[in-house]
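**Q** Whatever this is, show me its structure:
(one chain, ligands or ions: 2)
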Amino acid sequence: MITFSLLKSEILDLLFPPICAKCQKEGKFLCNLCEKSLIRVPPKCFGCGKLSPGTRRIPQGRTCLSCRDKTYIYAFISPFLYREEPVRELIHNLKYMRVYAISNVLAKLLYTYMQYFTILFPKNSVIIPMPLHSRRERTRGFNQSLLIAKSLADTLDIPICSGVLRRTINTKPQIEFRAAERRQNIIGAFSVTLPEKIKNKTVILLDDVKTTGSTLEEAARVLKDAGAKKIWAITIAH
Ligand SMILES: [Zn+2]
Ligand SMILES: [Zn+2]
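**A** Ligands and ions are numbered 1, 2, ... in the order given. Prediction:
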């Protein structure tokens, strides 16, 4: 069934060639001109959203001093605002229209952003895509974060550790809850299998979008408890 839907999508890609999500020009999912005109926001603190200078005064998304005891996340990278088109459209087309090739476009946008801000990960880093509960992954047919993570892992030459972080409880979608209730909804939803794979490692936790941050925070807590050294949270948009 999953193989069939993947095949179907590849056929659809052939039948409907890429169209720029912003100007509708044919050829690419995001044409060069529209890519250049994207509004990128500098890396900010995960907790309070303030710019947080790193080395050589370049903001690198480190959690600021006053937020450090409130979050398990060491640094946060998220180039775009979710309300801005066309990034929202690209994420939507990947997730709900199943245009898998868009994961490469999004990974490339992340990569160029990291290069611009000279963001480097330590040698012992691993990338972990935000897992979906197995039931939801079966319904959707794929995990969008895993696709983006695979593409980014290839570019950065950093190993990907999928299957280490698991979503053991199929929680209701966070969107159904008010901000204050989201943390409560997600607590206990994750577990770590094979903790030895992340012991003393920097984990790059990748999700497509950060809303309140509760899901990333809970995943980070579980990974830290299982022995991870530092957690970087990376999303395309927030
Ligand atoms: Zn365009
Ligand atoms: Zn802060």
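
**Q** how far away is the most centrally placed residue in the chain from ligand 1?
**A** With distances taken as CA atoms, centre = their mean, the residue of the chain nearest its centroid is residue 207 (2.4 Å). Look at residue 207 and ligand 1: by CB to the ion, to the nearest Å, they are 26 Å apart. C-betas here are computed from N, CA, C, even on glycine.

**Q** Parallel or antiparallel, which strands does the strand or helix carrying that residue pair with?
**A** In this structure, residue 207 sits in strand 202-209 according to DSSP states H and E. Sheet pairing for strand 202-209, assigned by DSSP bridges, gives strand 125-129 (parallel), strand 230-237 (parallel).

**Q** as a whole number, average confidence for the last one?
**A** Average pLDDT, strand 230-237: 98.

**Q** Please save the CA atoms from it in CSV.
**A** What follows is strand 230-237, C-alpha atoms only, in CSV (Å, rounded to 0.1, in the frame of the first residue of the first chain):
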residue,chain,number,x,y,z
LYS,A,230,23.0,18.6,23.7
ILE,A,231,19.8,19.1,21.8
TRP,A,232,19.5,21.4,18.8
ALA,A,233,16.0,21.9,17.5
ILE,A,234,15.7,22.6,13.8
THR,A,235,12.5,23.4,11.9
ILE,A,236,11.9,24.9,8.5
ALA,A,237,9.5,27.5,10.0
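
**Q** list the contacts for the nearest residue in space to residue 61 that is not next to it in sequence?
**A** Distances taken as CB to CB, 6 or more residues apart in numbering place residue 43 nearest to residue 61, at 3.1 Å, with adjacent residues excluded. Going by CB atoms under 8 Å, 6 or more residues apart in numbering, residue 43 touches 51-52, 54, 59-61, 75-78, 117, 119.

**Q** distance of residue 43 from ligand 1?
**A** On the measure of CB to the ion, residue 43 and ligand 1 end up 26 Å apart.

**Q** How about residue 50?
**A** In terms of CB to the ion, residue 50 sits 33 Å off from ligand 1.

**Q** Quick check, that residue in contact with residue 62.
**A** No: counting by CB atoms under 8 Å, residue 50 stays clear of residue 62, with 10.7 Å between them.

**Q** quick revisit: dump the strands paired with strand 202-209 into CSV; add mean neighbour count as well.
**A** What follows is the strands paired with strand 202-209, written out as CSV (neighbours: other CB atoms under 10 Å):
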stretch, mean neighbour count
strand 125-129, 23
strand 230-237, 25
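
**Q** Count the neighbours of residue 64 for me.
**A** Using other CB atoms under 10 Å, residue 64 is surrounded by 16 other residues.

**Q** ok, it - contacts?
**A** Contact analysis of residue 64 by CB under 8 Å, 6+ apart lists 45, 47-48, 50, 52.

**Q** Please list all residues in contact with the closest residue to it other than its chain neighbours.
**A** Nearest residue to residue 64, sequence neighbours excluded (CB to CB, 6+ apart): residue 45, at 4.3 Å. By CB under 8 Å, 6+ apart, residue 45 lies in contact with 51-52, 61-64, 67, 76.

**Q** Kindly recompute the last result at 10 Å.
**A** Listed by CB atoms under 10 Å, 6 or more residues apart in numbering, the contact set of residue 45 reads 51-52, 59, 61-68, 71, 73, 75-76.

**Q** So for the host helix or strand of residue 218, what gets flagged as buried?
**A** Assigned by DSSP H and E, residue 218 belongs to helix 214-225. By neighbour count on 16 or more other CB atoms under 10 Å, the buried set for helix 214-225 is 214-224.
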